[in-house]
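Colleague: compute the structure for the input listed below.
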Amino acid sequence: MPAYVIANLQDAAPNAEIAEYMERIPGTFEPYGGRFLVHVTQHEVKEGSWSGSVVMIGFPGIAEARAWWDSPAYQEIAPLRSRHIKGDIIMIEGVPEGYDATATGMALREALADEQG
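Modeller: Residues are numbered from 1 along each chain as shown. Have a look, this model is predicted:
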């Protein structure tokens, strides 16, 4: 299953360390099959609030995403970002090929009916 690292970054002030981080980060995730899916592009809020910038990196699986995050190459450059940009970062597994939300909803409905007798 694919996996993703998603960041919601706040208050990014341009500086030399951020430029260096941006130049070096692709080289850290490429050995793990990672690639940018979203990188600080404009977003449109449809519900709630979502300030800041969005970054999303895709990986072949959660093991590769974790290995990238923990890698010496990424850990070496992470402070270049974290010293200057606040934000929230999550790592999440995607759904398998052929995932069917309708079937998942039907299974939930059946489980709820079983609970109610």
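
Colleague: tell me the strands in the chain, going along the chain?
Modeller: Ranges of strands in the chain, per DSSP state E, are 3-10, 35-39, 53-59, 86-93.

Colleague: mind listing residues that contact the shortest one?
Modeller: Residues outside strand 35-39 that contact it (CB atoms under 8 Å, 6 or more residues apart in numbering): 4, 26, 29, 54, 55, 56, 57, 58. Where C-beta positions appear, they are placed from N, C-alpha and C, glycine not excepted.

Colleague: for the third one, grab the count of nearby residues.
Modeller: When neighbours are defined as other CB atoms under 10 Å, residue 29 has 23 of them.

Colleague: now, of the contacts of strand 35-39, which are buried?
Modeller: Neighbour counting by 16 or more other CB atoms under 10 Å classes 4, 29, 54, 55, 57, 58 among those as buried.

Colleague: in a markdown table: these, plus pLDDT and distance to residue 16.
Modeller: A markdown table is the format used below for the buried ones among the contacts of strand 35-39 (pLDDT from 0 to 100; distance: CB to CB, whole Å):
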| residue | pLDDT | distance to residue 16 |
| --- | --- | --- |
| 4 | 98 | 29 |
| 29 | 96 | 22 |
| 54 | 93 | 23 |
| 55 | 95 | 19 |
| 57 | 98 | 23 |
| 58 | 98 | 28 |
